[in-house]
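Enquirer: Turn this into a structure:
(one chain, ligands or ions: 1)
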Amino acid sequence: MRHSATLTEDILESNAQITGAQKEYLGVTFQPNKNIGIHRWYPYVEGFSGGFVSNVLNEFGVSSGMVFDPFGGCGTTAVVASLSGIESVIIDVNPFMCFVTRAKTQRYKISSLKQVKARLKRKINSYTRAQTPKDNLSPVFEDKNYFSNDAIYKIRFLKQCIGRIRNISTCDFFKLALASILVKVSKLKRAPDLKYKRDNENSPEVFKTFLQKLEQMQQDVVELEGYSTGATAVICDNIIAPSKLTPQYDNSFDIVITSPPYLNGTNYCRNTKLELWVFDYLRSSKDLSELRKQNVTAGINSTQMGNGTKSRFPKVQKLVARISENAYDRRIPVMVAAYFNEMESALKNIYRFLKSGHYCVLVIGDSFFGDTHIPTDVILGSISERIGFRMEDNRIVRVRKSRGGFPLHESILILQKKKNG
Ligand SMILES: C[S@@+](CC[C@H](N)C(=O)[O-])C[C@H]1O[C@@H](n2cnc3c(N)ncnc32)[C@H](O)[C@@H]1O
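Expert: Alright, predicted model coming up:
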């Protein structure tokens with residue numbers, strides 16, 4: 001049963017009452033997750049909030065069945081579904097993000113975590129550089145100077161200790177704690193894309209930061225002991241052309257809650273390059289560009305010029321022609337055409353896996369290039385309708401500004417797979 005007050009009404013109501021940072025609680029940004037159990041385990045600016053996912057599950061009356069997030073990110077949908085006792089299937093093309101979701105939705109035994117932590121602390125107390133392996137990181141970014149000498153030795157040391165933990169789930173817990181602090185202890189920062197810190201921005205010490213992170217994560221595990229959770233299946237796959245999501249999932253999801261990449265240049269792979277590197281998902285820089293190619297084309301640096309500027313959609317074709325005349329970078333029109341072509345394939349697959357009559361709730365932001373506004377929400381809405389969805393609503397939940405001051409919207413598209421579709 002649907003709630004009588006819609007999400008839009010809730011949002012407008014709260015909008016009228018609250019200001020400033022609190023507004024973020026409206027939930028389409030990751031901000032509120034930073035202080036909430038489990039969600040806070042891994043910082044991911046590109047995520048939405050747990051509160052948003054809970055609102056959607058409530059509004060659409062989903063308390064059982066299966067939830068699907070084809071752009072799973074750090075697993076916000078998975079965590080909320082699991083804590084609500086609902087099963088979910090989560091995919092992401094980035095193997096590290098799949099690891100994060102898996103680690104956040106696993107069950108842990110607090111006694112084992114405490115034992116291993118105590119052992120690790122003893123090792124840390126007797127740490128010397130001489131004990132540190134020199135070859136447990138691939139050479140891919142060795143010349144990049146992303147970490148101080150002190151930090152890289154300590155990371156290598158922790159990686160070795162964690163690699164020796166025999167229980168796989170316990171090992172994942174410690175691995176996630178180390179992954180979560182990598183950017184913080186590096187010479188880089190998220191702003192929101194990764195870039196070098198300024199000279200006056202110091203990085204905290206590795207062991208202290210790691211132990212603090214473990215402490216925080218353990219507190220959450222203690223709070224959740226005894227909680228019954230819904231199972232999560234995490235599959236590393238590409239929603240544009242899935243090869244692992246078998247036909248067994250056709251017409252099987254009760255709801256899709258998701259947020260695809262925005263057409264704005266965020267490079268999801270590059271933003272996780274430290275984690276991908278330290279945990280051996282990358283052996284060479286070619287691996288990173290291969291991974292980038294599988295992502296929905298959403299940033300200039302991941303645009304493959306060979307794709308050309310041909311769009312399957314007349315409205316997009318018009319915008320692309322206009323941008324081609326004015327764009328400051330010739331990759332922009334190619335990127336825009338590719339984005340909507342690929343999103344059509346993704347939406348077709350989402351449609352295929354969703355139960356007939358059920359909803360896909362999709363958070364998206366629009367963009368501005370040169371002097372051309374790209375109404376991504378409206379275009380994705382009409383592409384969805386061509387596929388067989390009915391667009392029930394396009395709810396504007398947040399207004400940002402382009403560099404030139406043009407108001408950009410963040411919207412929630414409510415798409416229903418037509419009955420018997
Ligand atoms: C906006 S983020 C999703 C964040 C998520 N809602 C959360 O709260 O963490 C988009 C995600 O889509 C993933 N992605 C990009 N292209 C993909 C593709 N072709 N198939 C599956 N996932 C993809 C990226 O790796 C990124 O994690």
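Enquirer: which residues of the stretch 301-421 of the chain fall in helices?
Expert: Remark: helices assigned in the stretch 301-421 of the chain by DSSP state H, counting those that start in this stretch are 314-326, 331-353, 376-387.
Enquirer: for those, which one ends up most surrounded?
Expert: Neighbour counts (mean count of other C-beta atoms under 10 Å) averaged over each of the helices of the stretch 301-421 of the chain peak at helix 331-353, with a mean of 22. The C-beta positions use only the backbone N, C-alpha and C, and glycine is treated the same way.
Enquirer: Going by contacts, tell me the helices and strands next to it.
Expert: strand 253-258, helix 314-326, helix 376-387 (3 or more C-beta pairs under 8 Å, 6 or more residues apart in numbering; DSSP states H and E).
Enquirer: And the contacts of the shortest one?
Expert: If you take C-beta atoms under 8 Å, 6 or more residues apart in numbering as the criterion, strand 253-258 is touched by 53, 56-57, 60, 62, 64-71, 77, 89, 350, 353-355, 358-363.
Enquirer: same deal with the longest one?
Expert: By C-beta under 8 Å, 6+ apart, the list of residues contacting helix 314-326 from outside reads 309-311, 330, 332-333, 336-337, 340, 369-372, 374, 379, 382.
Enquirer: just curious, which of those residues is nearest to the ligand?
Expert: Proximity of these to the ligand was ranked by C-beta to the nearest ligand atom; the top entry is residue 340 with 13.7 Å.
Enquirer: Quick check: closest non-adjacent residue to the closest one.
Expert: residue 316 (4.8 Å; C-beta to C-beta, 6 or more residues apart in numbering).
Enquirer: try residue 274
Expert: Per C-beta to C-beta, 6+ apart, closest to residue 274 is residue 182, 4.5 Å.
Enquirer: can you check residue 39 too?
Expert: Leaving aside its chain neighbours, residue 39 sits nearest to residue 33 (3.7 Å; criterion: C-beta to C-beta, 6+ apart).
Enquirer: Could you check how many residues crowd around the one you found?
Expert: Neighbourhood size, residue 33 [other C-beta atoms under 10 Å]: 26.
Enquirer: what separates it from residue 96, distance-wise?
Expert: 18 Å (C-beta to C-beta, to the nearest Å).
Enquirer: three-state assignment of residue 234?
Expert: strand (DSSP: H, G, I helix; E, B strand; the rest coil).
Enquirer: in the helix or strand residue 162 falls within, what counts as buried?
Expert: Per DSSP states H and E: residue 162 is located in helix 149-163. Neighbour-count burial for helix 149-163, counted by 16 or more other C-beta atoms under 10 Å, picks out 151, 152, 153, 154, 155, 156, 157, 158, 159, 161, 162.
Enquirer: Repeat that for stretch 202-219.
Expert: Applying 16+ other C-beta under 10 Å to stretch 202-219 flags 203, 206, 207, 209, 210, 211, 213, 214, 217, 218 as buried.
Enquirer: Need the max-distance pair from those residues.
Expert: 203 and 218 (23.6 Å; C-beta to C-beta).
Enquirer: Low-confidence regions, this protein specifically.
Expert: 1-30, 265, 421 (pLDDT under 70).
Enquirer: hmm, 80 instead?
Expert: The model of the chain has pLDDT under 80 over residues 1-35, 226-227, 264-266, 302, 306-308, 327-328, 370, 403, 420-421.
Enquirer: spatially speaking, which residue is in the middle of it?
Expert: residue 73 (2.2 Å; C-alpha atoms, centre = their mean).
Enquirer: got the buried residues for stretch 411-421?
Expert: Neighbour-count burial for stretch 411-421 flags 411, 412, 413, 414, 415, 416, 417, 421 (criterion: 16+ other C-beta under 10 Å).
Enquirer: is the second one in a bridge, and if so with what?
Expert: When assigned by DSSP bridges, residue 412 has beta-bridge partners residue 363, residue 395.
Enquirer: any idea how far it is from residue 56?
Expert: Plainly put, residue 412 is 8 Å away from residue 56 if you go by C-beta to C-beta.
Enquirer: Likewise for the first one?
Expert: In this structure, residue 411 and residue 56 are 14 Å apart, going by C-beta to C-beta.
Enquirer: Same check on the fifth one?
Expert: Residue 415 sits 13 Å away from residue 56 when distances are taken as C-beta to C-beta.
Enquirer: tell me, what's touching those two both at once?
Expert: residue 361.
Enquirer: in the stretch 51-200 of the chain, what residue is nearest the ligand?
Expert: For the stretch 51-200 of the chain, C-beta to the nearest ligand atom, closest residue to the ligand: residue 73, 2.4 Å.
Enquirer: Hmm, that residue is touching residue 45, no?
Expert: No. Counting by C-beta atoms under 8 Å, residue 73 stays clear of residue 45, with 10.2 Å between them.
Enquirer: Now the common contact residues for the two.
Expert: Between them, residue 73 and residue 45 share no contacting residue under C-beta under 8 Å, 6+ apart.
Enquirer: distance between the ends of stretch 325-336?
Expert: From its first residue to its last, stretch 325-336 covers 14 Å (C-alpha to C-alpha, to the nearest Å).
Enquirer: Surely residue 145 is in contact with residue 186?
Expert: No. Applying C-beta under 8 Å, one finds residue 145 not in contact with residue 186, separated by 9.8 Å.
Enquirer: Compare these two and say which one has the larger neighbour count.
Expert: In terms of neighbours (other C-beta under 10 Å), residue 186 is the more surrounded of residue 145 and residue 186; the figures are 22 against 12.
Enquirer: OK, contacts around that one?
Expert: Shown in contact with residue 186 (C-beta under 8 Å, 6+ apart): 146, 147, 151, 203, 274.
Enquirer: Check residue 284 too.
Expert: Counting by C-beta under 8 Å, 6+ apart, residue 284 makes contact with 138, 140.
Enquirer: any idea how far residue 113 is from residue 169?
Expert: From residue 113 to residue 169 the distance is 10 Å (C-beta to C-beta).
Enquirer: Sorry, wrong one. I was asking about residue 330.
Expert: As defined by C-beta to C-beta, residue 330 lies at a distance of 48 Å from residue 169.
Enquirer: Same question for residue 338.
Expert: Note on residue 338: its distance to residue 169, by C-beta to C-beta, is 39 Å.
Enquirer: Setting aside sequence neighbours, what's the nearest residue to residue 327?
Expert: residue 370 (5.2 Å).
Enquirer: Contact partners for that neighbour?
Expert: Applying C-beta under 8 Å, 6+ apart, we find residue 370 in contact with 323, 326, 327, 328, 332.
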